[in-house]
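K.L.:
mind looking at a prediction? Sequence and model below.
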Amino acid sequence: MSTPLQNHEPAPKVTVIGTGYLGATHAVCMAIMGFDVLGVDVDQRKIDLLSSGRVPFFEPGLPEKLEEALASGRLRFSTDFDEAAAFGDVHFVCVGTPQAADSSAADLTYVDAAFTALATRIDRKALLVGKSTVPIGTAARITAMVQSVSPLGEELELAWNPEFLREGFAVQDTLFPDRLVFGVSSPWAEQQLRRVFAPILDLDTPAIVADLATSELVKVAANSFLATKISFINAMAEVCEATGADVNHLAKALSLDDRIGGRFLKPGLGFGGGCLPKDIRAFKYRAEELGVGQAVSFLGEVDSINNRRRVRTVDLIRELAGGDLAGVRVAALGAAFKPNSDDVRDAPALDVARLLYLEGAIVSVYDPEANANAHRAYPDLNYVESMAEAVEQADVVALLTEWAEFRNADPDTLGALVNHRRILDGRHALNANDYTSKGWQYRALGRPAQAATVELASDLRDETPTLAV
Ligand code: UGA
C-alpha cells in the first residue's frame, strides 16, 4: 500500500476510541494508510504502552506496524476525550461488548459510555462510527441518545461499520479486508466513510452500503455462520465416535465440494475466544427479545455441541490414562483459544486443563504466549516455561492449541521425556502415523482408536499469514 492518500486530500482526521485488539489495530492501520489518528482509551497503562511503541497483547506483525505508524508522526494516543472531540472528523468506537455478568446478553456499558463521552463534547459536524459488535437495534438507540445529549443535536450523525478481523491476522484483515460494510442513515455519512476507507476501496474491495440494522446483523450473522460450520463438523465427530467413522476423512471429503468448502470445517476442540461464543449467545438473546427467537434457536445447539467437545476431550484423556485421572500427570500444550494469540477468553484449551485439574490430574500447562493471561484467569493451574518442561514425566500429552511449535514437535524427542507415550490430539494437528510408528498411543476426537495412517485434514487449517504489507 503506497502513498494511499495522494488523490484524496484533504483527509479527514480520525479518532479511535478503545485500544484493544480491534481499536489498536484499526488506529495503527489508519495511520499506515496515511490518516492523522488519535487513539483514545480510559486505560492509562494501555495508552502509555502504545505511546512507547509496545502492543499490550500478542498480535503478529502489529508491533512493527505500530513502530512505523509512530515514526510517521501520524499516530498519537491519549486518555483525553476533550482532545478527541476537538481533533476528529470521523470517530471510530471500538470498545468491547463482553457477555453480561448475569445473562447471555451483550454488556453495552462501554459502548454507551464512549458514545456519550464523545457526543457531549463534539461541537462541530462530525461522524460517529460504531465498530463494536452489538445487538441489532443498538445503532438506532445510540443515534437517538447521542443526538439528545449533543450540542449539535441531529447534526451529529452515526454510522455502523462492523469489523471482521481475526486475531492473529489482524493487520492483514484490516488493510486487506474481504469486504467493507457501511451502515448509514444519510448520503453524507456514506461519503465520509468512503473518504476514510479510500485507500482500501481503491484496491477494488467490495463495499456493501446498508441501513444501520443490516450492518449490525451482518456481523453477528457472519460469526454465527462460522460457529455453526465448526459445530456442524464437530457434531459429525460425535456421530463418528458412535460408529467408528473418521471425522478427518469426512471433513476432507466434504471440503472438496466447492459449495461447502474446507475453511472453518476443521474438527476438534471447538471454538472459543472473545467473539464467537459470546456473539452467538447475545444474538440468540436479542432475537428472543425481538420475538424471533425460534429463527436462531439452533445457535443454542451450536453452543452446546461446542461445549460438549471440551468434556469429550477430558473423556479421551481419561481413557488414555486407563480410566482414572487422579494423580495422572498431564502435559497441557496450549492455553490460548487459538494459535498466534495470547487471548484466553473462553479458551477451550484452558477449560480442558481446568476440568482435568478438578478431576485430580497433575496438569502442567505450557503456551508459547498465553501463560501470563492464563495464570491470571486460573491461578490454581501449574504453568511451565517450555514444552519440554510440560511433557517431562507426563503420563498423557494433550495438544489443545495447535501452535506450530507443537505441530512440528518430534515424536521421538518428546517420547524420550514422557513417562508414557500417549497423546491426545485435540486439534487434529498432528500426523497420527508419525506418532503411532514411534510407539505412541494416539487419540483424536471423532477418530477411531486405531486412526487411519493417512492425514488428510491439515489443509483445512488457517495458516499464519505472511504479511504482504
Ligand atoms: C472471529 C471471526 O473469524 C472474525 O471474522 C471476527 O471479526 C472476530 O471473531 C470478531 O468477532 O471480532 P477470532 O475470534 O479471532 O475471529 O477467531 P477465529 O479465527 O474465527 O477462530 C475462532 C475459534 O474457532 C478458535 O477457537 C478456533 O480454534 C476455532 N476453529 C476455527 C475451529 O475449531 N475450527 C475451525 O475450522 C476454525
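P.N.:
Alright, I've got the coordinates. What you see is a predicted model, and the numbers here were worked out from it, not measured in a lab.

K.L.:
for the rest of this, base every contact and every neighbour count on C-alpha atoms.
P.N.:
Noted.

K.L.:
quick check: domain ranges of this protein?
P.N.:
Structurally, the chain divides into domains by automatic domain parsing as follows: 14-210, 221-461.

K.L.:
let's have those in a markdown table, adding mean pLDDT and mean neighbour count.
P.N.:
Below are the domains of the chain laid out as a markdown table (pLDDT from 0 to 100; neighbours: other C-alpha atoms under 10 Å):
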| stretch | mean pLDDT | mean neighbour count |
| --- | --- | --- |
| domain 14-210 | 97 | 20 |
| domain 221-461 | 95 | 20 |
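
K.L.:
distance from the lengthiest helix in the chain to the middle of the chain?
P.N.:
Longest helix of the chain, by residue count under DSSP state H: helix 212-243. The chain centre lies 15 Å from the centre of helix 212-243; the measure is C-alpha atoms, centre = their mean, to the nearest Å.

K.L.:
what's the first helix or strand after that helix?
P.N.:
helix 247-255 (DSSP states H and E).

K.L.:
which stretch of helix or strand covers the most far-flung residue of the chain relative to its centre?
P.N.:
The outermost residue of the chain, judged against the average C-alpha position, is residue 151 (37.1 Å), by C-alpha atoms, centre = their mean. Assessed by DSSP H and E, residue 151 sits outside every helix and strand.

K.L.:
thought residue 123 was touching it, still the case?
P.N.:
Yes. Using C-alpha atoms under 8 Å, residue 151 is in contact with residue 123, at 6.4 Å.

K.L.:
can you tell me the closest non-neighbouring residue to residue 411?
P.N.:
residue 435 (5.8 Å; C-alpha to C-alpha, 6 or more residues apart in numbering).

K.L.:
ok, that neighbour touching residue 414?
P.N.:
No. With contact defined as C-alpha under 8 Å, residue 435 does not reach residue 414; the gap is 10.1 Å.

K.L.:
quick check: the gap between the residue nearest to residue 411 and residue 409.
P.N.:
10 Å (C-alpha to C-alpha, to the nearest Å).

K.L.:
repeat that for residue 179.
P.N.:
37 Å.

K.L.:
again, but for residue 338
P.N.:
Between residue 338 and residue 409 the distance is 18 Å, computed by C-alpha to C-alpha.

K.L.:
okay, strands next: where are they in this structure?
P.N.:
For the chain, applying DSSP state E gives strands covering 14-17, 37-40, 75-78, 90-93, 127-130, 157-160, 180-183, 207-210, 329-333, 362-366, 382-383, 396-399, 422-425, 441-444.

K.L.:
who's in contact with the first one?
P.N.:
Contact with strand 14-17 is made by 23-24, 26-27, 30, 35-41, 84, 87-95, 114, as judged by C-alpha atoms under 8 Å, 6 or more residues apart in numbering.

K.L.:
for residue 237, give me its contacts.
P.N.:
246, 247, 267, 445, 446, 447.

K.L.:
contact partners for residue 206?
P.N.:
178, 179, 180.

K.L.:
wait, which of these is closest to residue 133?
P.N.:
residue 180 (14.6 Å; C-alpha to C-alpha).

K.L.:
which residues does the closest residue to the closest one other than its chain neighbours contact?
P.N.:
Distances taken as C-alpha to C-alpha, 6+ apart put residue 207 closest to residue 180, at 4.6 Å, once the chain neighbours are dropped. Applying C-alpha under 8 Å, 6+ apart, we find residue 207 in contact with 179, 180, 181, 182, 201.

K.L.:
again with residue 128
P.N.:
90, 91, 92, 93, 115, 156, 157, 158, 159.

K.L.:
same question for residue 35.
P.N.:
Residue 35 neighbours (C-alpha under 8 Å, 6+ apart): 5, 11, 12, 13, 14, 74.

K.L.:
looking at these, which is nearest residue 215?
P.N.:
Closest to residue 215, out of all of the contacts of residue 35 and judged by C-alpha to C-alpha, is residue 14, at 20.8 Å.

K.L.:
relative to the ligand, which residue of the stretch 251-400 of the chain is the closest?
P.N.:
Here the stretch 251-400 of the chain gets closest to the ligand at one residue, residue 264, 3.0 Å apart by C-alpha to the nearest ligand atom.

K.L.:
correct me, but that residue touches residue 232?
P.N.:
No. Using C-alpha under 8 Å, residue 264 makes no contact with residue 232, being 9.8 Å away.

K.L.:
surely residue 158 meets residue 143?
P.N.:
Yes. Taking contacts as C-alpha under 8 Å, residue 158 lies within contact range of residue 143: 6.0 Å.

K.L.:
measure the residue nearest to residue 411 to residue 397 for me?
P.N.:
Residue 435 is 12 Å from residue 397, by C-alpha to C-alpha.

K.L.:
and if you look at residue 268?
P.N.:
16 Å.

K.L.:
near the ligand, which residues of the chain show up?
P.N.:
163-167, 223, 230, 263-268, 270-273, 275-276, 337-338 (C-alpha under 6 Å from any ligand atom).

K.L.:
same thing but 5 Å
P.N.:
By C-alpha under 5 Å from any ligand atom, the part of the chain that sits against the ligand consists of 164-167, 264-266, 270-272, 275, 337-338.

K.L.:
make TSV out of these and add distance to residue 322.
P.N.:
Shown next, in TSV, are these (distance: C-alpha to C-alpha, whole Å):
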residue	distance to residue 322
164	44
165	42
166	39
167	37
264	33
265	31
266	28
270	25
271	28
272	29
275	36
337	28
338	29
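
K.L.:
out of those residues, flag the one nearest to residue 310.
P.N.:
Nearest member of these to residue 310, counting by C-alpha to C-alpha, is residue 270, at 7.8 Å.

K.L.:
what sits against the nearest residue to residue 190 once chain neighbours are set aside?
P.N.:
Nearest non-adjacent residue to residue 190, counting by C-alpha to C-alpha, 6+ apart: residue 184, 6.1 Å away. Residues in contact with residue 184 (C-alpha under 8 Å, 6+ apart) are 158, 159, 160, 190, 209, 210, 211, 212.

K.L.:
pick the one among these closest to residue 313.
P.N.:
Looking across the contacts of residue 184 and measuring by C-alpha to C-alpha, the closest to residue 313 is residue 160, at 39.6 Å.

K.L.:
and the closest one, how far from residue 190?
P.N.:
10 Å.

K.L.:
which residues do these two both contact?
P.N.:
In contact with both residue 160 and residue 190: 182, 184, using C-alpha under 8 Å, 6+ apart.

K.L.:
the spatially closest residue to residue 196 that is not a sequence neighbour: neighbour count?
P.N.:
Nearest residue to residue 196, sequence neighbours excluded (C-alpha to C-alpha, 6+ apart): residue 12, at 6.7 Å. Using other C-alpha atoms under 10 Å, residue 12 has 19 other residues around it.

K.L.:
verify the stated contact: residue 12 with residue 125.
P.N.:
No. Proximity of residue 12 to residue 125 does not meet the contact threshold set by C-alpha under 8 Å, at 11.9 Å.

K.L.:
now the common contact residues for these two.
P.N.:
Common neighbours of residue 12 and residue 125 (C-alpha under 8 Å, 6+ apart) are residue 89.

K.L.:
show me what contacts the closest residue in space to residue 404 that isn't next to it in sequence?
P.N.:
Leaving aside its chain neighbours, residue 404 sits nearest to residue 339 (7.9 Å; criterion: C-alpha to C-alpha, 6+ apart). For residue 339, the contact set (C-alpha under 8 Å, 6+ apart) comprises 168, 401, 402, 403, 404.
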